[in-house]
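*Asks:* Quick one, what's the 3D model for this:
(one chain, ligands or ions: 2)
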Amino acid sequence: MSAQTAILGAGVMGETLLSGLVRAGRRVDRLMVGEKRAERAHELEERYGVAVLDNRSAAEKADTIALVVKPQDMGDLLDEISPVLRPGQLLVSLAAGITTAFIESRVPEGIAVVRVMPNTPALVDEGMAAVSPGSHCSEADLAEAEALMASVGRVLRIPERQQDAVTAISGSGPAYIFFVVESMIEAGVHLGLPRSTSTDLVIQTLVGSAKMLRETGTHPTVLREQVTSPGGTTAAALRELEVHKVRAAFLAAMEAARDRSRALAAGS
Ligand SMILES: NC(=O)C1=CN([C@@H]2O[C@H](COP(=O)(O)OP(=O)(O)OC[C@H]3O[C@@H](n4cnc5c(N)ncnc54)[C@H](OP(=O)(O)O)[C@@H]3O)[C@@H](O)[C@H]2O)C=CC1
Ligand SMILES: O=C(O)[C@@H]1CCC=N1
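*Replies:* Ligands and ions are numbered 1, 2, ... in the order given. Alright, predicted model coming up:
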């Protein structure tokens, strides 16, 4: 992996990546952060002991540059750092919607670009990241981006045309799961359980179910059928979920996320 890595944009995702790299044992003197706000820069310096610079200085010094600003800010950021970029550097974009072609069109010819869709479980080293190479990207560049993301979870290599769908599934996915968890906790409270009891029950049920999926490799339909006793409680509940079209709602939600990712690519 390259000697120096810069993270430009230290919000939720940028800090998640930074903290993961530090946890994975990356030397902080090989990490830099680009941040405009003095207060936030101070906070990150205090918390991680990392050098916080202006974007241009960080980009100039780094071998690998992670771009972690909002999609709407990407054009301005690229215009800011483009004058100091040189062939041999690697740009790794974590932004939803933004294509490698867009980035390549804003930086000097020949710079390697990798597009990544990460997710926030990277904060606990259980991230899921999908990576796609741009047009000037070598196998070594792609491996470098994969190694960066592998420090905070699993990595999958995908064609860039699948990135908008991936964003809708694993990028936004944690939010859908948290929404389901919130809903189940509230339902437990409605049924008369203390909030803390309901919360414990729901979280352990989620963790146990996720572990079954991962460790047994059994299809979710089979696992669901194993819980569903004939004429029992689960069947009664699942009937309500079908009546309320929850399956169709998930499909519509993820189509909306996919379409929003495409719209971000178009600059809206
Ligand atoms: N959050 C998530 O779950 C995921 C996010 N992503 C992607 O990660 C990117 C960041 O998202 P997220 O972390 O949630 O957003 P945040 O708003 O939390 O973070 C963006 C950060 O970038 C900073 N920033 C804006 N402009 C610049 C600039 N020119 N130079 C340096 N820093 C800048 C912002 O500072 P300020 O607030 O001062 O403007 C903010 O701290 C997005 O592109 C998003 O699509 C991808 C997958 C999952
Ligand atoms: O909501 C968003 O746009 C970002 C991208 C995927 C998850 N969060």
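*Asks:* make it CA atoms for all contacts and neighbour counts henceforth
*Replies:* Fine.
*Asks:* Which residue is the nearest non-sequential neighbour of Val124?
*Replies:* With sequence-adjacent residues excluded and distances taken as C-alpha to C-alpha, 6 or more residues apart in numbering, Val124 is closest to Val152, at 7.4 Å.
*Asks:* which residue ranges form the helices in the stretch 101-250 of the chain?
*Replies:* Taking DSSP state H, counting those that start in this stretch as the criterion, the stretch 101-250 of the chain contains helices spanning 139-150, 163-166, 173-190, 195-216, 220-227, 233-243, 246-265.
*Asks:* what's the most buried one of these?
*Replies:* The highest mean neighbour count among these belongs to helix 163-166 (a mean of 22), with neighbours defined as mean count of other C-alpha atoms under 10 Å.
*Asks:* quick check: mean pLDDT across that one?
*Replies:* If you average the pLDDT over helix 163-166, you get 98.
*Asks:* what about it, distance to the chain center?
*Replies:* Here the centre of helix 163-166 is set off from its chain's centre by 12 Å, with C-alpha atoms, centre = their mean, to the nearest Å.
*Asks:* Can you name every helix or strand that that helix contacts?
*Replies:* Packed against helix 163-166, as judged by 3 or more C-alpha pairs under 8 Å, 6 or more residues apart in numbering; DSSP states H and E, are the following elements: strand 127-133, helix 246-265.
*Asks:* which residues touch it?
*Replies:* Outside helix 163-166, the residues that touch it by C-alpha atoms under 8 Å, 6 or more residues apart in numbering are Ala96, Gly97, Met117, Ala130, Ser132, Met254, Ala257, Arg258, Asp259, Ser261, Arg262.
*Asks:* if we go to 6 Å?
*Replies:* By C-alpha atoms under 6 Å, 6 or more residues apart in numbering, the residues outside helix 163-166 that reach it are Arg258, Ser261.
*Asks:* can you check stretch 172-192 too?
*Replies:* If you take C-alpha under 6 Å, 6+ apart as the criterion, stretch 172-192 is touched by Arg195, Ser198, Thr199.
*Asks:* Ile111: which of those residues is nearest?
*Replies:* If you rank the contacts of stretch 172-192 by distance to Ile111 using C-alpha to C-alpha, Thr199 comes first, at 48.2 Å.
*Asks:* Brilliant, that's me finished.
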